[in-house]
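>>> predicted model and sequence below, questions to follow.
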Amino acid sequence: MQLRVFGRTGMQLSVLGFGCGAVGGLMVRGDPADQERTVARAIAAGVNYFDTAVLYGNGDSENNLGRVLQKLKPAGVAVGTKVRVPPEEVGRIANAITMSLEGSLARLRLERVDILHLHNPITGTGGGSALSVRQVLDDVVPAFERLRQQGKIRFSGISALGDTTALHQVIDARAFDSAQVVYNMLNPSAAEELPINYPAQDYGRLFDSTKAAGVGVVGIRALAGGALSGSAERHPIAGAAPEPIGSAMSYDADIDRARRLLPLVEEGFAASLTEAATRFALSHPAMGTLLVGMATPQQFEDALAAVQKGPLPGAALERLSVLRQAFSGEAR
């Protein structure tokens, strides 16, 4: 398993990370034996980053990951979790973060986590589930720093969701070590300029900012929540079709566009769309560790096989760019 240096942290994380989210569902609703077997298989294959959150199954994901890791007792594994400050707690952000982390540590059966990510979207003015840039820099950052000084977290991060300008401002402030960034075949704007009138959120080459700030990148939504399988069928334990992030406004529209990328498979660049999507996300050097969620042990094996084939070749990336041009001007 290839390791990549993760920003300025000094950590070397496996290029394939283990997503414990609710969309795939294995670590939320899966069979306990399958959970243990898949985590053990991942560790044996060299995966050393496991990513969870309070919101995944209302703590179930953290509980299940904690149970499995306590039993396996692997060496050198990094664990990241997340905190979302609820709207009713925005006047007490530091307290909300501290209480959330205490609960996470108890469920994970750990004394500290390697990365604590802010799970709220970030916008210019905040409101609803979002926090403003000022709230993040003035309230979240000091709260995270206190937890770091107490030895309860090693590094801090954000989920890079929200308004593009606000995300750039927070990353440029160099107050966080990690950013979870949307990057996939439907929306590569974290790395490159989008065609004119392209139907997706433009993240404004966010990778340029993370690199300049020494921020490690955790790749998220590489499969666009499952849409880049090209199939609307979902495994029984997988979450419902998720709200798209950064791409079309509907999951069905994402699936439709994903199917229009099938020439990558038909022309022999990859064995499946999911393989192409996984290898595409690995193709950019800014990618630190790529999270792939799963419903079954076999889906982990598929992700591992894709990673072992390495990044997509240049000719595939050029073909993909041509195929994507056709999306320009379409309604998001």
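Structure received. Computed from a prediction, not measured in an experiment: that's the story for all the values here. Numbering: from 1, shown residues only.

>>> and the helices in the protein?
Using DSSP state H, the helices of the chain run over 26-29, 32-44, 60-72, 93-108, 133-135, 141-149, 164-172, 206-213, 251-259, 263-266, 273-282, 297-309, 314-325.

>>> can I get the ones you listed in TSV including mean neighbour count, mean pLDDT and distance to Thr289?
To be clear about C-beta, it is placed using only N, CA and C from the backbone, and glycine gets the same treatment. Formatted as TSV, the helices of the chain follow (neighbours: other Cβ atoms under 10 Å; pLDDT from 0 to 100; distance: least, Cβ to Cβ, whole Å):
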stretch	mean neighbour count	mean pLDDT	distance to Thr289
helix 26-29	25	94	17
helix 32-44	17	97	12
helix 60-72	20	97	16
helix 93-108	18	98	18
helix 133-135	18	97	26
helix 141-149	17	98	20
helix 164-172	20	98	17
helix 206-213	19	98	13
helix 251-259	20	94	23
helix 263-266	15	96	24
helix 273-282	24	97	10
helix 297-309	18	95	11
helix 314-325	14	96	21
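
>>> can you tell which of those helices is closest to Ile220?
The closest of those to Ile220 is helix 273-282. By Cβ to Cβ, the value is 9.4 Å.

>>> by contact count, what packs against the closest one?
Applying 3 or more Cβ pairs under 8 Å, 6 or more residues apart in numbering; DSSP states H and E, we find helix 273-282 packed against helix 263-266, strand 287-292, helix 297-309, helix 314-325.

>>> Met249 touches Arg257, doesn't it?
No. Applying Cβ atoms under 8 Å, one finds Met249 not in contact with Arg257, separated by 11.9 Å.

>>> columns distance to Asp31 on top of the helices and strands packed on helix 273-282, output as CSV?
Formatted as CSV, these follow (distance: least, Cβ to Cβ, whole Å):
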stretch, distance to Asp31
helix 263-266, 31
strand 287-292, 19
helix 297-309, 10
helix 314-325, 36
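
>>> of the ones you listed, which is nearest Ala106?
Of the helices and strands packed on helix 273-282, nearest to Ala106 by Cβ to Cβ is strand 287-292, at 23.5 Å.

>>> each with direction, which strands does that closest one pair with?
Strand pairing for strand 287-292, determined by DSSP bridges: strand 16-19 (parallel), strand 216-220 (parallel).

>>> that one versus helix 297-309: what angle between them?
Going by axes from the mean of the first three to the mean of the last three Cα atoms, to 10 degrees, strand 287-292 is angled at 150 degrees with respect to helix 297-309.

>>> who touches strand 287-292?
Applying Cβ atoms under 8 Å, 6 or more residues apart in numbering, the external contacts of strand 287-292 come out as 4-7, 13-19, 21, 24, 49, 51, 178, 180, 183, 216-220, 222-223, 278, 281-282, 299-300, 303, 307.

>>> please redo it, this time with the cut-off set to 7 Å
Contacts of strand 287-292 with the rest of the structure, by Cβ atoms under 7 Å, 6 or more residues apart in numbering, involve 4, 6-7, 13-17, 19, 49, 51, 216-220, 222, 278, 281-282, 303.

>>> and what of stretch 45-52?
By Cβ under 7 Å, 6+ apart, the list of residues contacting stretch 45-52 reads 1, 13-14, 16-20, 61-62, 65, 76-81, 218, 289, 291, 304.

>>> which among those residues end up buried?
By neighbour count, with 16 or more other Cβ atoms under 10 Å, those hold 13-14, 16-20, 61-62, 65, 77-81, 218, 289, 291, 304 as buried.

>>> can you add mean pLDDT and distance to Glu266 and give the strands paired with strand 287-292 back as a markdown table?
Output for those, formatted as a markdown table (pLDDT from 0 to 100; distance: least, Cβ to Cβ, whole Å):
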| stretch | mean pLDDT | distance to Glu266 |
| --- | --- | --- |
| strand 16-19 | 96 | 26 |
| strand 216-220 | 97 | 26 |
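
>>> dump those to JSON lines, plus distance to Phe144.
Output for the strands paired with strand 287-292, formatted as JSON lines (distance: least, Cβ to Cβ, whole Å):
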{"stretch": "strand 16-19", "distance to Phe144": "21"}
{"stretch": "strand 216-220", "distance to Phe144": "15"}
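
>>> which one, of those strands, ends up nearest to Asp139?
Closest to Asp139 of the strands paired with strand 287-292 is strand 216-220 (Cβ to Cβ; 22.7 Å).

>>> show me what contacts Asp302?
Per Cβ under 7 Å, 6+ apart, neighbours of Asp302: Thr274.

>>> typed the wrong thing, it's Ala248
Neighbour list for Ala248: Pro199, Asp254, Arg257, Arg332 [criterion: Cβ under 7 Å, 6+ apart].

>>> just checking, Lys152 touches Leu101?
Yes. Between Lys152 and Leu101 there is a contact at 6.1 Å, judged by Cβ atoms under 7 Å.
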